[in-house]
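Asker: pasting the structure only:
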Ligand SMILES: Nc1nc2c(ncn2[C@@H]2O[C@@H]3COP(=O)(O)O[C@H]4[C@@H](O)[C@H](n5cnc6c(=O)[nH]c(N)nc65)O[C@@H]4COP(=O)(O)O[C@H]3[C@H]2O)c(=O)[nH]1
């Protein structure tokens with residue numbers, strides 16, 4: 001059902017709709033449940049406050065009764081009746097006071113000397129109570145149906161009872177409990193004070209406070225209509241929370257989209273998912289009879305960034321520490337290319353660019369060997385180009401030489417790339433067993449007009465020949481540059497003059513055409 005609803009929402013609004021709906025799913029239950037628990041907590045607090053005030057009230061009542069009993073001269077004669085009247089006049093609680101003797105007969109009251117037995121149930125409670133006190137409810141002519149009745153018996157056997165109207169209690173409890181909650185104050189099983197009459201709401205919860213010493217119970221109720229009233233009054237807050245959540249989700253969404261589309265993240269994903277493409281550029285031999293070679297160059301067309309230069313990909317990959325992974329992706333793609341076109345590529349070697357720091361790693365050669373196992377088609381066909389960008393330190397030099405030997409033992413050719421632009425001097429060439437030296441295209445661009453460049457390239461050429469290295473000129477774009485490098489004694493040429501880097505199917509076509517031209521020339 002949800003799917004059919006969202007299908008109606010246009011794509012771009014879908015995200016807003018989802019986050020709006022999600023925020024709603026969180027904010028409404030958050031408020032409804034929290035409000036319920038808040039009210040329970042409030043109910044608890046109010047019941048506790050009412051309990052404290054009831055305890056204080058009851059203690060006050062009994063200390064007042066004790067004062068009456070303890071006062072001297074209780075003779076239960078006429079003068080006591082007068083005295084009790086005076087006490088009632090000043091009492092904050094009682095409207096009537098009476099005295100009773102050891103036999104629990106009330107013989108003196110406001111109305112004069114009477115002789116009435118106290119109910120046996122009340123007598124039992126007084127006798128069983130540690131403080132010889134109890135409470136009850138009676139019907140009083142002057143005070144009404146439910147009148148509070150407290151009894152206290154002093155140590156000399158004389159007791160006192162006091163009648164108090166329920167209002168004495170309700171005036172204490174009402175301000176605490178009302179107007180939110182309902183309550184019932186009961187003495188024994190009878191109600192002393194309550195506001196439940198006429199209540200038309202469901203009861204959702206109840207808190208019971210029992211003052212066992214005096215068999216007084218206070219029940220406080222949480223009515224459902226209070227909950228709904230509060231919920232409606234919170235509507236603006238619910239909306240505010242919904243809005244805050246919605247904005248938070250949407251901002252997080254935008255940040256995550258921004259991050260997912262960020263160059264670094266996209267490059268990381270492209271390398272991990274082998275979404276990097278490989279193009280091939282021919283490296284043409286100037287010596288008759290020598291077969292073609294190629295350089296594999298990575299290409300990356302990003303969904304969000306369009307075409308991204310390989311130099312940028314390499315820079316970011318190296319910042320992310322993913323240069324090794326990038327190399328393996330490219331080599332595997334070259335391997336897959338050889339697997340796809342075994343006949344067309346049978347005589348052609350392809351070199352792949354490798355980061356110098358990858359080569360220095362102990363794990364590099366074994367990993368390379370395992371990829372050769374994976375792609376046996378690459379054996380005898382793969383070469384590595386290493387760009388010299390910084391000087392090797394004392395520890396790195398011998399390490400690099402041993403790594404080179406390990407790699408060469410796998411039948412892999414090694415070229416020094418962009419020679420002349422890095423820090424490598426001529427001495428560097430003597431130390432490393434390179435097969436090929438690739439002259440950087442800046443030299444080729446200046447070769448014709450710059451006397452100094454010509455002299456430098458001539459000495460490099462002589463040394464390379466002495467060391468048995470092949471020379472490749474990069475970046476040859478024009479015929480005059482081709483002639484100049486030919487005169488220099490360069491063996492191979494790479495450049496737009498012959499061919500730009502091409503995707504695999506186009507390079508296959510180029511190779512076929514090149515072969516047919518060469519065959520026709522023979
Ligand atoms: N102006 C001009 N340029 C020419 C001509 N002939 C070839 N080129 C360009 O020169 C660069 C030769 O590659 P490079 O020196 O290894 O320089 C490469 C290499 O250092 C690096 N790179 C490319 N692919 C990889 C790779 O798979 N791994 C690593 N580690 N680096 C790579 O990115 C660099 C740039 O690659 P590309 O943009 O493909 O640039 C390539 C190629 O397209 C020409 O006649 N004129």
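Answerer: That came in fine, so what should we check first? Because the structure is predicted, anything quoted here is derived from the model rather than measured.
Asker: Find the residue closest to the residue in the stretch 51-200 of the chain that the ligand sits nearest to in space, skipping its chain neighbours.
Answerer: Per CB to the nearest ligand atom, residue 180 is where the stretch 51-200 of the chain lies closest to the ligand, at 73.5 Å. C-beta coordinates here come from the backbone N, C-alpha and C atoms, glycine included. Nearest non-adjacent residue to residue 180, counting by CB to CB, 6 or more residues apart in numbering: residue 226, 5.4 Å away.
Asker: What number of residues are in the vicinity of the one you found?
Answerer: Using other CB atoms under 10 Å, residue 226 has 20 other residues around it.
Asker: next one: phi and psi at it?
Answerer: phi -60, psi -40 (degrees, to the nearest 10).
Asker: Does it touch residue 178 like I think?
Answerer: No: counting by CB atoms under 8 Å, residue 226 does not reach residue 178; the two are 11.3 Å apart.
Asker: Domain ranges for this structure, per the record?
Answerer: The chain breaks down by automatic domain parsing into domains covering 26-227, 277-521.
Asker: Just give me how far the first one sits from the chain centre.
Answerer: Going back to what we said before, that points to domain 26-227. Using CA atoms, centre = their mean, to the nearest Å, the distance from the centre of domain 26-227 to the centre of the chain it belongs to is 56 Å.
Asker: so where's the stretch 301-450 of the chain shaky on pLDDT?
Answerer: Across the stretch 301-450 of the chain, the ranges flagged by pLDDT under 70 are 388-392, 420-427.
Asker: Double-check residue 32 against residue 231; I have them as touching.
Answerer: Yes: the pair residue 32 and residue 231 qualifies as a contact (CB under 8 Å) at a distance of 6.7 Å.
Asker: Kindly report the residues of the chain close to the ligand.
Answerer: Proximity of the chain to the ligand (CB under 6 Å from any ligand atom) is limited to residues 281, 297-298, 309-311, 314, 330, 352-353, 355, 385, 387, 417-418, 441, 474-477, 494-496, 501.
Asker: Narrow the residues you listed to just the buried residues.
Answerer: Buried subset of the residues of the chain next to the ligand (neighbour count, 16 or more other CB atoms under 10 Å): 281, 297-298, 310, 314, 330, 352-353, 355, 385, 387, 417-418, 441, 474-476, 494-495, 501.
Asker: Now, those residues that are in helices?
Answerer: Among those, the members found in helices (DSSP state H) are 310, 314, 330, 441.
Asker: Secondary structure class of the residue at minimal distance from the centre of the chain, three-state.
Answerer: The residue lying closest to the centre of the chain (CA atoms, centre = their mean) is residue 252, at 9.9 Å. Secondary structure assignment for residue 252 (DSSP: H, G, I helix; E, B strand; the rest coil): helix.
Asker: Rebuild the ones in helices among the buried ones among the residues of the chain next to the ligand as CSV, extending it with distance to residue 270.
Answerer: What follows is these, written out as CSV (distance: CB to CB, whole Å):
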residue, distance to residue 270
310, 12
314, 13
330, 12
441, 27
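Asker: Check those residues and tell me the two furthest apart.
Answerer: Maximum pairwise distance among those (CB to CB): 20.7 Å, between 330 and 441.
Asker: What ranges in this structure fall below the confidence cut-off?
Answerer: Along the chain, the parts satisfying pLDDT under 70 run over 1-12, 72-74, 198-199, 388-392, 420-427, 522.
Asker: for it, longest helix please?
Answerer: Max-length helix for the chain by DSSP H is helix 11-70.
Asker: So which residues of the stretch 101-250 of the chain form helices?
Answerer: Ranges of helices in the stretch 101-250 of the chain, per DSSP state H, counting those that start in this stretch, are 120-128, 167-177, 224-233, 235-261.
Asker: Nearest to residue 152, out of those helices?
Answerer: Smallest distance to residue 152 across the helices of the stretch 101-250 of the chain (CB to CB): 8.2 Å, for helix 120-128.
Asker: Would you indicate which residues of stretch 163-171 are buried?
Answerer: Using 16+ other CB under 10 Å as the test for burial, stretch 163-171 gives 163, 164, 165, 166, 168, 169, 170.
Asker: what is the second one paired to in the beta sheet?
Answerer: The partner list for residue 164 in beta bridges (DSSP bridges) reads residue 148.
Asker: my guess is it meets residue 146, correct?
Answerer: No: taking contacts as CB under 8 Å, residue 164 lies outside contact range of residue 146: 10.8 Å.
Asker: can you give me the strands in the stretch 351-500 of the chain?
Answerer: With DSSP state E, counting those that start in this stretch, the ranges of strands along the stretch 351-500 of the chain come out as 382-387, 413-419, 436-439, 470-474, 492-494.
Asker: Pick the most deeply packed of the helices of the stretch 101-250 of the chain.
Answerer: helix 167-177 (a mean of 17; mean count of other CB atoms under 10 Å).
Asker: Now do the contacts for the residue nearest to residue 180.
Answerer: Listed by CB atoms under 8 Å, 6 or more residues apart in numbering, the contact set of residue 226 reads 39, 180, 181, 201.
Asker: ok, now residue 297?
Answerer: Shown in contact with residue 297 (CB under 8 Å, 6+ apart): 278, 279, 280, 281, 310, 353, 501.
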